[in-house]
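whatever this is, show me its structure:
(2 chains)
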Amino acid sequence: MKKVLERSKEGEILVADGAMGTMLITHLKLGECPESINLTRPEILEEIASLYLNAGADIIQTNTFGASPLKLSLYSLEHKTEEINRNAVLAVRGVVGNHAYISASCGPSGRLLKPYGDTDSEDVYNAFERQIRAVINAGADIICIETMTDLREATLAIKAAKTISPSTPVIATMTFDSTPRGFYTIMGVNIEEAVLGLEMAGADIIGSNCGNGIENMIKIAREFKKYSNLPLIIQPNTGPPKLEDGIPVYQETPEFIAEKAKELVAIGVSIIGGCCGTTPAHTRAIRKMVDSYMLTHQY
Amino acid sequence: MDILKQIAENLRQGNDKKVLELTKQAIKQKIPSKEILDNGLIAGMNVIGEKFKAHEIFLPDVLLAARAMYAGMDELKPILIKERVPTIGKVVIGTVQGDLHDIGKNLVGIMLKGAGFEVIDLGNDVSPERFIEVAKKENARVIGMSALLTTTMLGMKKVIDLLNKQSLSGEIKTIIGGAPVSEEFAREIGADAYGYDSTSAVECVKKLIKIS
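Sure thing, here's the model as predicted:
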């Protein structure tokens, strides 16, 4: 399979899958560690991966968002770090073979770094290193450092990934809030600073995930493009959930997101995927839109 | 500059050592403890709350200011207790059952303390029974609940239902907050208030206590 970065550089638009967490909800008991499924019921991961593969995703994520030992320690599962990460990659590999890239999700440690919080940079670095080593050993194609709000933490994760496997492409995405003064992460990072910091740390593909529906994501993408020439990844969620008969329901439909995502294509986004609330139906709709764009533009 | 203004100013800058030193000085100068609290520490945190709400400052600035506030507060607290200066109210807060996310809840705790409330923080993964048991025992007037996950936000309703069942809903008010919840959700589950952010949460709690 051709390298993901080569395809982006040639102008191909790749489709990443949709949400994992919100797809797992029905399988999880209240308060259960989402990554414990990797140990107990990997067949669920296989099922989700195959749904996204059939929907046309080029990139499939692993269920390892919270699988750094720092995060797993909240459930006393840190000693299972290697097994949890390995199982997640293997489950997806079994389904996708070489037909899609496996992108290993690495979410925030959940700790605040000193001096704002109580955690040493070294501990956060070590935690990411341990997780990333496990997914690389299991054969992940891409490392996806995502939902970051602290540039220092994102930098530590990127550096850990590049130290362990310099040739593995690293995606790094941050989550922004829309404020009257523009887009900022809760830690106060704006898009210009994010671009600068993520590039400097060594990320190969940068962008934004979660926190926003498609309309804000279009604005975010535009701003990223202003400052960066790296391939850009955008993964919108489906807007804030609303309650219907006591169940939280995400709002933005596959058709709505796919229609709006045409603007992401026009801006020059390289990878379009989805975050919380998106489903294989969203992936399918985005795939269709991207395919017809690439046909008309004789990719 | 008068010393209380200096306390407020240094608190805003997150200078914990200076706040501690100035608080000690103010106590030595026999400035009434309530004044040091209101016009020094609370005044400083007030500005932090407003600036944070306006997105002029961010979480790191708030956390540093909070640390400075605690430095002064720890020095002042024994005196406030000795002089029987009442707090403006007692609030029990926590992240609901099954949810381990506590940054938002901690932020609300900081802002409540910074406004002069006594805060009992139950941490995260708090069961409905525990929220109510502690609120009753402590005579708290408000329960504040936080959730980050759509899977756990329904735990808020359990607390409210349980309060109703025990006929406590008039005595103990509820406020909710967190990324997935909204004003509409608060209405739907019967919460008394919804805090859009930590600064508005404090305003809401003040209102709740006045009307109850």
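
when you work out contacts or count neighbours from here on, use the C-alpha atoms and nothing else.
OK.

low pLDDT regions in the chain?
You didn't pick a chain, so chain A it is. A:246, A:248, A:298-299 (pLDDT under 70).

switch to chain B, that's the one I care about
For chain B (pLDDT under 70), the answer is B:211-212.

neighbouring contacts of the lengthiest helix in it?
Using DSSP state H, we find that the single longest helix of chain B is helix B:59-82. Residues from elsewhere that reach helix B:59-82, judged by C-alpha atoms under 8 Å, 6 or more residues apart in numbering or on different chains: A:115-117, A:186-188, B:10-17, B:19-20, B:23-24, B:27, B:33-34, B:37, B:41, B:45, B:48, B:52, B:86, B:110, B:114.

the stretch 1-150 of chain A: strands as residue ranges?
For the stretch 1-150 of chain A, the strands defined by DSSP state E, counting those that start in this stretch occupy A:14-15, A:59-61, A:101-106, A:142-148.

turn those strands into a markdown table, including mean neighbour count.
Putting those into a markdown table (neighbours: other C-alpha atoms under 10 Å in any protein chain shown) gives the following:
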| stretch | mean neighbour count |
| --- | --- |
| strand A:14-15 | 24 |
| strand A:59-61 | 28 |
| strand A:101-106 | 27 |
| strand A:142-148 | 26 |
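
and these as CSV, adding distance to A:Met174?
What follows is these, written out as CSV (distance: least, C-alpha to C-alpha, whole Å):
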stretch, distance to A:Met174
strand A:14-15, 19
strand A:59-61, 16
strand A:101-106, 12
strand A:142-148, 4
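
so which of these gets nearest chain B?
Of all the strands of the stretch 1-150 of chain A, strand A:142-148 sits nearest to chain B, with 13.8 Å by C-alpha to the nearest C-alpha.

and the helix or strand following the closest one, anywhere near chain B?
Following strand A:142-148 in sequence order, the next helix or strand is helix A:151-164 (DSSP states H and E). No - Helix A:151-164 does not reach chain B (C-alpha under 8 Å from any C-alpha of the partner chain); its nearest approach is 12.1 Å.

past helix A:151-164, which element shows up next along the chain?
Going down the chain from helix A:151-164, the next helix or strand is strand A:170-174, by DSSP H and E.

and the host helix or strand of B:Lys136 with chain A, contact?
Per DSSP H and E, B:Lys136 falls inside helix B:128-137. No - Helix B:128-137 lies apart from chain A when judged by C-alpha under 8 Å from any C-alpha; the minimum separation is 13.4 Å.

partners of the next helix or strand after that helix, with directions?
Of the helices and strands lying after helix B:128-137 in sequence (DSSP H and E), the nearest is strand B:142-146. If you go by DSSP bridges, strand B:142-146 pairs up with strand B:90-95 (parallel), strand B:173-177 (parallel).

ok, now how distant is B:Met69 from A:Ala100?
Distance of B:Met69 to A:Ala100, given as C-alpha to C-alpha, to the nearest Å: 52 Å.

typo on my end, B:Asp61
Here B:Asp61 is placed at a distance of 43 Å from A:Ala100 (C-alpha to C-alpha).

same check on A:Leu70?
To A:Ala100, A:Leu70 is 29 Å away according to C-alpha to C-alpha.

and A:Leu90, by the same measure?
Per C-alpha to C-alpha, A:Leu90 is found 13 Å from A:Ala100.

A:Leu70 and A:Ala100: which is more packed in?
Neighbour count, other C-alpha atoms under 10 Å in any protein chain shown: between A:Leu70 and A:Ala100, A:Leu70 has more, with 23 against 20.

who are the contact partners of that one?
Residues near A:Leu70 by C-alpha under 8 Å, 6+ apart: A:78, A:109-110, A:124, A:127.

enumerate every residue touching residue 17.
Just going to use chain A. Here A:Asp17 is in contact with A:52-53, A:57-61, A:273-274, A:280, A:283 (C-alpha under 8 Å, 6+ apart).

the chain in question should be chain B.
B:Lys17 makes contact with B:68, B:71, according to C-alpha under 8 Å, 6+ apart.

buried sites along whichever strand or helix holds it?
In the assignment (DSSP H and E), B:Lys17 maps to helix B:16-28. Of the residues in helix B:16-28, B:16, B:18-20, B:22-23, B:26 count as buried by neighbour count, 16 or more other C-alpha atoms under 10 Å in any protein chain shown.

got the residues you listed as CSV, with distance to chain A columns?
Output for the buried residues of helix B:16-28, formatted as CSV (distance: C-alpha to the nearest C-alpha, whole Å):
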residue, distance to chain A
B:Asp16, 12
B:Lys18, 17
B:Val19, 17
B:Leu20, 18
B:Leu22, 22
B:Thr23, 22
B:Ala26, 27
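
closest to A:Ile234 out of the residues you listed?
Nearest to A:Ile234 among the buried residues of helix B:16-28, counting by C-alpha to C-alpha, is B:Asp16 at 40.2 Å.

residues contacting the closest one?
Going by C-alpha under 8 Å, 6+ apart, the list of residues near B:Asp16 reads B:10, B:64-65, B:67-69, B:71-72.

cool, and A:Ile186?
Contacts for A:Ile186 (C-alpha under 8 Å, 6+ apart) come out as A:149, A:176-177, B:58-59.

which of those has the most neighbours?
Highest neighbour count within the contacts of A:Ile186, by other C-alpha under 10 Å: A:Phe176, with 27 neighbours.

just give the nearest non-adjacent residue to that residue, would you?
Excluding the flanking residues, the one nearest A:Phe176 by C-alpha to C-alpha, 6 or more residues apart in numbering or on different chains is A:Thr185, at 4.4 Å.

quick one: buried residues of the longest helix of chain B?
Judged by neighbour count (16+ other C-alpha under 10 Å), helix B:59-82 contains these buried residues: B:59-73, B:76, B:80.

equivalent analysis for stretch B:125-143, please.
Going by neighbour count (16+ other C-alpha under 10 Å), the buried part of stretch B:125-143 is B:125-128, B:131-132, B:135, B:140-143.

just the CA trace of that stretch, in PDB.
Listed next in PDB are the C-alpha coordinates belonging to stretch B:125-143 (Å, rounded to 0.1, in the frame of the first residue of the first chain):
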ATOM      1  CA  ASP B 125     -17.700   9.100  40.000                       C
ATOM      2  CA  VAL B 126     -20.100  10.200  42.800                       C
ATOM      3  CA  SER B 127     -23.200   8.100  43.300                       C
ATOM      4  CA  PRO B 128     -26.600   9.800  43.700                       C
ATOM      5  CA  GLU B 129     -26.900   8.600  47.200                       C
ATOM      6  CA  ARG B 130     -23.600  10.100  48.200                       C
ATOM      7  CA  PHE B 131     -24.400  13.500  46.800                       C
ATOM      8  CA  ILE B 132     -27.500  13.600  48.900                       C
ATOM      9  CA  GLU B 133     -26.100  12.000  52.000                       C
ATOM     10  CA  VAL B 134     -23.300  14.500  52.200                       C
ATOM     11  CA  ALA B 135     -25.500  17.500  51.400                       C
ATOM     12  CA  LYS B 136     -27.900  16.500  54.200                       C
ATOM     13  CA  LYS B 137     -25.100  15.900  56.700                       C
ATOM     14  CA  GLU B 138     -23.400  19.100  55.900                       C
ATOM     15  CA  ASN B 139     -26.500  21.200  55.600                       C
ATOM     16  CA  ALA B 140     -25.500  22.300  52.100                       C
ATOM     17  CA  ARG B 141     -28.100  24.300  50.300                       C
ATOM     18  CA  VAL B 142     -26.900  23.400  46.800                       C
ATOM     19  CA  ILE B 143     -25.700  20.300  45.000                       C
END
